[in-house]
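Asks: Coordinates only, no sequence provided:
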């Protein structure tokens with residue numbers, strides 16, 4: 001750590017407690033202390049100080065203890081580290097180390113979600129944001145038409161702005177594959193709703209170079225060293 005210490009949200013991310021965004025929420029809720037004093041968003045942690053989250057100590061993760069998991073999230077599981085939520089992903093996986101999700105996948109969707117305790121990697125992926133591909137398989141409530149595919153591919157208004165052009169391919173009467181480079185809230189569902197379609201099922205099958213493959217629902221695997229090296233190369 002630098003002489004002046006690190007920001008409390010970065011410390012919690014590096015400690016594998018949660019993402020920086022979720023750390024900010026914990027801090028705002030008064031759930032984080034540094035040497036017994038309630039932390040604020042501007043608090044910095046100095047070497048030797050003791051950080052606790054809801055009374056439980058949060059120690060920095062050693063380099064050799066870092067892990068990145070690929071998990072096949074079932075519908076109904078929520079991408080949150082909040083253990084008071086009965087559907088939280090952390091209790092569902094019940095992994096032996098503190099981990100948290102990289103990005104989100106909404107409760108009613110299934111498929112690939114990455115989890116890690118590597119705060120630096122999670123932050124790099126978050127900062128990369130748009131521009132990196134995520135691929136989904138989608139089933140809707142009525143037959144897909146050429147006009148629907150064309151309008152989805154060229155972008156539609158969502159949350160006050162037009163979505164970026166994307167790749168869309170029909171794979172069945174009511175099924176299509178879509179590759180996004182954006183991460184707007186419930187983007188695919190909102191795009192379909194704008195065109196008067198309803199999403200019946202949505203599964204994410206790829207995040208950048210990491211594939212869901214034949215990983216069974218509810219199961220996880222460690223991202224391979226080759227996958228991780230390629231992922232980091234893509235992030236620059």
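Replies: Done, it's in. What you see is a predicted model; the values in this text were computed from it and never measured. Numbering: from 1, shown residues only.

Asks: Domain ranges for the chain, per the record?
Replies: For the chain, automatic domain parsing gives the domain ranges 6-57, 63-128+215-235, 134-207.

Asks: Endpoints of the shortest one, how far apart?
Replies: In terms of C-alpha to C-alpha, to the nearest Å, the two terminal residues of domain 6-57 are separated by 17 Å.

Asks: try stretch 93-108
Replies: Start-to-end span of stretch 93-108 (C-alpha to C-alpha) is 17 Å.

Asks: what do you get for stretch 96-105?
Replies: End-to-end distance for stretch 96-105: 22 Å, by C-alpha to C-alpha.

Asks: Check stretch 62-81 too.
Replies: Stretch 62-81 has an end-to-end distance of 20 Å (criterion: C-alpha to C-alpha).

Asks: circling back: in a markdown table: the domains of the chain, plus mean pLDDT and mean neighbour count.
Replies: C-betas here are computed from N, CA, C, even on glycine. Listed next are the domains of the chain as a markdown table, based on pLDDT from 0 to 100; neighbours: other C-beta atoms under 10 Å:
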| stretch | mean pLDDT | mean neighbour count |
| --- | --- | --- |
| domain 6-57 | 90 | 17 |
| domain 63-128+215-235 | 91 | 17 |
| domain 134-207 | 96 | 16 |
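
Asks: ok, residue 39 to residue 26 distance?
Replies: Relative to residue 26, residue 39 is positioned 9 Å away (C-beta to C-beta, to the nearest Å).
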